[in-house]
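> I'd like to go over a predicted model; first the sequence, then the structure.
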Amino acid sequence: MSPDRSTEKPLSRRALLAGATASAAWPVWAQARCSLRGRSIAVGAPGGLAIGLQSYPRTLALDDREVVLTLDDGPLPGPTDRVLDALRMFDARATFFLIGRNAAANPGHVRRMAAEGHTLAHHTYSHPWTLRQRSFLAGTQDIEQGIGAVQSVLGLSPAQVATPLFRYPGFADTPALNAWLAAKDIAVIGSDLWASDWTAMSPERQLNLLMGRLARARKGIVLLHDVVGQTAAMFPAFLKALCDGGYKVAHMTAGSSAPGLMQAPGNWRSQTERIIAGRG
Ligand SMILES: [Zn+2]
C-alpha cells in the first residue's frame, strides 16, 4: 500500500535523520522517487594504476556533481544492510572494499551486493594496520587471501581476480606492493574526499560534515564505512541530500583499460602520508 502523499509535509534535516535512525519501517520520505544512478566507469589497470587525490596526484575524470561512492571494511550485518537498503531505494550503485574475513563470515551479504549490481572490490583479508608494518610476503599473502575469500563466496576460482580494484587499509601503500599489484593489473583506489566516519559523531553532524566537503569539492571518489553505525544511520538522508543537490552517482566497474583521468594541480600534496606519518 502506498503512503498518502497528500498529507506529506517537507521534513527538516533533523526529522529526516530521526526517520533514518529509527529501526522500524522505512519513513515515507525515503520512498520518494529519485534515481541517483549515473554512468558506469570501467576501471582497468594494465600495467598499474593508482588514483584518488588524497593519496595520488591523479583521479577519475568526473563531471561536476558526479560522485563515486566507496564503502570500506564490510560486510557487517546490521549497518551494511541499512546501507544496501538505502542504495536500492535511491537506485545507486556503490563499490564495496570488502575485508576478506568479513566476506567469508557473511556470504549472504556479499551475494546480495553482487545481485544488486554493486562492485565487489578488495581490502585485504585481515585488515593489517598497516601493510607497511608487515613483510612484503605477508602483505601479498593477506591481499591474495582477501581476494580469494570474495571469489570463493561468488563461486569463482580463487586465482581469478574478477574485480581488479584494491584499497590499502589506512591508505598505507608500499612501493613494492604497488609494483606487485601493477604487475597483476590491479588498480589501487584511494579517495578524493572522506566522511571522517572513523571519528565518533552524531549522524546529523556526519551528514553536515560530508555535504560541506562535497559542496566544496563538487565531485569525487567518496570514502565511507558501511560497518560504522553513524554512517549507516545517516545514509538514507545522505542519498536524499545528493538527490536534492542534483548529484549523480557514477559506478566503478571492472574494466580492461585505464579510465579517463584528471591530473592534480601542480601544488598537490598527499594528505594521507601526513596522517600515516603521524601514526608512527
Ligand atoms: Zn579499512
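Received the coordinates, thanks.

> Near the ion, which residues of the protein are found?
Counting by C-beta under 5 Å from the ion, the residues of the chain close to the ion are 72-73, 169. All C-beta atoms are positioned from the backbone trio N, CA, C, and that covers glycine.

> Out of those, grab the one that's most surrounded.
Neighbour counts for those (other C-beta atoms under 10 Å) peak at residue 72, which has 24 neighbours.

> pretty sure it contacts residue 224?
Yes - contact criterion C-beta atoms under 8 Å: residue 72 and residue 224 qualify, at 7.4 Å.

> Which phi and psi values does the residue most central in space within the chain adopt?
Centroid-nearest residue in the chain, with C-alpha atoms, centre = their mean: residue 70, separated by 1.1 Å. Per-residue torsions, residue 70: phi -120, psi 140 (degrees, to the nearest 10).

> The nearest residue to it once chain neighbours are set aside bridge partners, please.
Of all residues beyond its chain neighbours, the one nearest residue 70 is residue 95 (4.8 Å), with distances taken as C-beta to C-beta, 6 or more residues apart in numbering. Following DSSP bridges, residue 95 is listed with bridge partners residue 70, residue 119.

> So which residues of this protein form strands?
37-43, 49-51, 58-60, 66-72, 95-98, 119-122, 165-166, 187-189, 193-194, 220-225, 248-254, 261-263 (DSSP state E).

> Most tightly packed of those strands?
Among these, ranked by average contacts under mean count of other C-beta atoms under 10 Å, first place goes to strand 95-98 (a mean of 28).

> next one: that strand to chain centre, how far?
6 Å (C-alpha atoms, centre = their mean, to the nearest Å).

> mind showing which ranges of this structure have poor pLDDT?
Counting by pLDDT under 70, the chain shows low-confidence ranges at 1-33, 280.

> top helix in it by residue count?
Of all the segments assigned as helix in the chain under DSSP state H, the longest by residue count is helix 136-153.

> what does that helix rub up against?
Identification of contacts with helix 136-153 by C-beta atoms under 8 Å, 6 or more residues apart in numbering yields 98-101, 103-104, 107, 110-111, 120, 122-126, 128, 131, 134, 157-163, 166, 174, 176-177, 180-181.

> So which of those belong to helices?
Short answer: the contacts of helix 136-153 in helices (DSSP H) are 100-101, 103-104, 107, 110-111, 176-177, 180-181.

> May I have the residues that are in contact with the residue nearest to the centre of the chain?
Residues in contact with residue 70 (C-beta under 8 Å, 6+ apart) are 94-97, 121, 167, 189, 191, 221-224, 252.

> wait, which of those residues is closest to residue 49?
residue 189 (8.6 Å; C-beta to C-beta).

> Report the separation between the residue nearest to the centre of the chain and residue 130.
18 Å (C-beta to C-beta, to the nearest Å).

> next one: residue 213
24 Å.

> May I have the residues that are in contact with the residue in the stretch 101-250 of the chain positioned nearest to the ion?
Of all residues in the stretch 101-250 of the chain, the one sitting closest to the ion is residue 169 (4.7 Å; C-beta to the ion). For residue 169, the contacting residues are 123-124, 127-131, by C-beta under 8 Å, 6+ apart.

> Identify the residue spatially nearest to it, adjacent ones excluded.
Nearest non-adjacent residue to residue 169, counting by C-beta to C-beta, 6+ apart: residue 127, 4.9 Å away.

> So the one you found sits against residue 99, correct?
Yes - contact between residue 127 and residue 99 holds when scored by C-beta under 8 Å: they sit 5.1 Å apart.

> beta partners of residue 51?
Note on residue 51: beta-bridge partners by DSSP bridges are residue 189.

> Hmm, it is touching residue 59, no?
Yes - Residue 51 lies in contact with residue 59 (C-beta under 8 Å); the separation is 4.9 Å.

> what touches both of residue 127 and residue 99?
Joint contacts of residue 127 and residue 99 (C-beta under 8 Å, 6+ apart) are residue 73.

> how about the residue nearest to residue 169, what does it touch?
Neighbouring residues of residue 127 by C-beta under 8 Å, 6+ apart: 73, 99, 169.

> Please repeat the previous calculation with a cut-off of 10 Å.
72-73, 99-102, 142, 146, 169-170 (C-beta atoms under 10 Å, 6 or more residues apart in numbering).
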